[in-house]
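Trainee: I'd like to go over a predicted model; first the sequence, then the structure.
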Amino acid sequence: MSRFRRAPAVLAGASLLCLLVGLLYLALQIRTIFSDQLKQEYAGLVLEAAERAESARAMVGVWQQHAGDGQTQTQAQIQTQGYRHARIELAERLKSLAALVNASPAAAPPVPPSALTADASLIGTDALLATISPYWRAQRDADGADVRLRVAHVANVLIALAALLFCMLLTALGMYAKRNRQLVGESHEFEYAALHDPMTGLPNRRKLFATLDEAAANLQAGPTARNIAVLYVDLDGFKQVNDMLGHRVGDDFLIAVSRAFRESVRKVDVVARIGGDEFAVLVREYSTAPELAEIAQRLIACVVETDEQMGIGVVRASIGIASYPDLVSDYQRLVAAADDAMYRVKRGGKNGYAFAAQAD
């Protein structure tokens, strides 16, 4: 049983651990995504610098095409000056490109210093530019593909974590509902134990008076005049059962006679055990006094039959009857009035019933 009780706690702990691992994985993935995006942006900067260097190289080629015979001295000077400016511009572009390539956060083929001078070989420059652009374009594409893949992983993990959180929420709600039902059940058990006799299961004195208040309130709120009554039952000779046969037999007798009392009255009426061998029956509604006398006779018969079935031969019953509002003007005095009537029966010979005296 304890294993099953620990199961929700183990499940909650495992779910929390999975959640923490998932969050850590997300943090690492997001960090890698940002890093790949920076690499992708850096590759874009290198490609832009390479494009500017290629434009400068193309300009050098243009000045080379215009060089030739048939030029005047002035034209030759302009050609020479323009070519030199183009070579200087190419060298500057190559230096900017080399600064980016050589400062790359990821390992990349460096730009040799020999390619950065104004009189560097154009063949070497062409070879350098022919390798740089494809390399960094491939790096940018690879970083972009990696970013897309990691974003897909992050999305999948977020879906899994959302499902896990939903399951944890359902589990928590289930545990709360189960615990709430347990508390409600325990509360009902405590309430039932506080209002019922533990041995016979009948309502106790507290429950009897609460039910009496309820019955009187319903009586006063009803459209027609009705009556309620209490029959106070005391078992004559029961002390001899405990003294001669033991308390276990006495308890068995009380349980059996309680069951008989309950079966002899209507379901709407209340049979309560209010003392060791004292009982009370709350009759919620009746019409005439003979109805109450008949109920008292049935209760006396229950005691006699139980006594005979158990072979005891000494237990009988004295019953006092009080009714409201015809005999007792205050319903809160019904039990006391019925108790007084019961003692009159005992003084008169026991094993009978009597009605309470008329209220003045």
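Mentor: Received the coordinates, thanks. If you're wondering where the values come from, they're calculated on a predicted model, not measured in any experiment.
Trainee: so Ala106 sits in a strand?
Mentor: No. The assignment for Ala106 is coil, going by DSSP: H, G, I helix; E, B strand; the rest coil, so no strand is present there.
Trainee: which stretch of helix or strand covers the closest residue to it other than its chain neighbours?
Mentor: The spatial neighbour of Ala106 that comes closest, neighbours along the chain excluded (C-beta to C-beta, 6 or more residues apart in numbering), is Lys39 at 6.0 Å. Every residue, glycine included, has its C-beta placed from N, CA and C. Lys39 is part of helix 2-66, with elements assigned from DSSP states H and E.
Trainee: helix or strand right after that helix?
Mentor: Going down the chain from helix 2-66, the next helix or strand is helix 73-102, by DSSP H and E.
Trainee: orientation of that next one relative to helix 2-66 in degrees?
Mentor: 170 degrees (axes from the mean of the first three to the mean of the last three C-alpha atoms, to 10 degrees).
Trainee: now do the buried residues in helix 73-102.
Mentor: Using 16 or more other C-beta atoms under 10 Å as the burial criterion, the residues of helix 73-102 that qualify are 79, 82-83, 86-87, 89-91, 93-98, 100-101.
Trainee: what mean pLDDT does it have?
Mentor: Mean pLDDT, computed over helix 73-102, is 83.
Trainee: what's that helix packed up against?
Mentor: Contact here means 3 or more C-beta pairs under 8 Å, 6 or more residues apart in numbering; DSSP states H and E; on that basis helix 73-102 packs against helix 2-66, helix 122-195.
Trainee: by mean pLDDT, show me the worst of those.
Mentor: Per-segment mean pLDDT for the helices and strands packed on helix 73-102 reaches its minimum on helix 2-66, at a mean of 79.
Trainee: what's the separation between the residue most central in space within the chain and Ala155?
Mentor: Ranked by distance to the mean C-alpha position of the chain (C-alpha atoms, centre = their mean), the top residue is Leu173 at 1.9 Å. Distance from Leu173 to Ala155, counting by C-beta to C-beta, to the nearest Å: 27 Å.
Trainee: give me the buried positions along the host helix or strand of Glu214.
Mentor: Assigned by DSSP H and E, Glu214 belongs to helix 205-221. For helix 205-221, the buried set under the neighbour-count rule, 16+ other C-beta under 10 Å, comprises 205, 207-209, 211-212, 215-216, 219.
Trainee: from these, which two are the most distant?
Mentor: Arg205 and Leu219 (20.7 Å; C-beta to C-beta).
Trainee: hmm, back to that, show me the contacts for the residue nearest to Ala106.
Mentor: Contacts for Lys39 were tallied using C-beta atoms under 8 Å, 6 or more residues apart in numbering; they are 105-106, 139, 143.
Trainee: closest to Gly44 out of the buried residues of helix 73-102?
Mentor: Closest approach between those and Gly44, by C-beta to C-beta: Leu100, at 10.5 Å.
Trainee: list the contacts of that closest one.
Mentor: Counting by C-beta under 8 Å, 6+ apart, Leu100 makes contact with 42, 45-46, 49.
Trainee: and the residues you listed, which of them are buried?
Mentor: With burial judged by 16+ other C-beta under 10 Å, the buried subset of the contacts of Leu100 is 42, 46, 49.
Trainee: what is the nearest of these to Phe355?
Mentor: Using C-beta to C-beta, those come closest to Phe355 at Tyr42, 107.3 Å.
Trainee: shouldn't that closest one be in contact with Ala103?
Mentor: No. Using C-beta atoms under 8 Å, Tyr42 is not in contact with Ala103; the gap is 9.1 Å.
Trainee: okay, now Val184: neighbour count?
Mentor: Here the neighbour count serves as a burial measure; for Val184 (other C-beta atoms under 10 Å) it reads 10.
Trainee: switch the buried residues of helix 205-221 over to JSON lines; also include distance to Tyr232 and pLDDT.
Mentor: Compiled in JSON lines, the buried residues of helix 205-221 are given as follows (distance: C-beta to C-beta, whole Å; pLDDT from 0 to 100):
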{"residue": "Arg205", "distance to Tyr232": "12", "pLDDT": "93"}
{"residue": "Lys207", "distance to Tyr232": "16", "pLDDT": "94"}
{"residue": "Leu208", "distance to Tyr232": "11", "pLDDT": "94"}
{"residue": "Phe209", "distance to Tyr232": "13", "pLDDT": "94"}
{"residue": "Thr211", "distance to Tyr232": "15", "pLDDT": "93"}
{"residue": "Leu212", "distance to Tyr232": "12", "pLDDT": "93"}
{"residue": "Ala215", "distance to Tyr232": "16", "pLDDT": "90"}
{"residue": "Ala216", "distance to Tyr232": "17", "pLDDT": "89"}
{"residue": "Leu219", "distance to Tyr232": "19", "pLDDT": "78"}
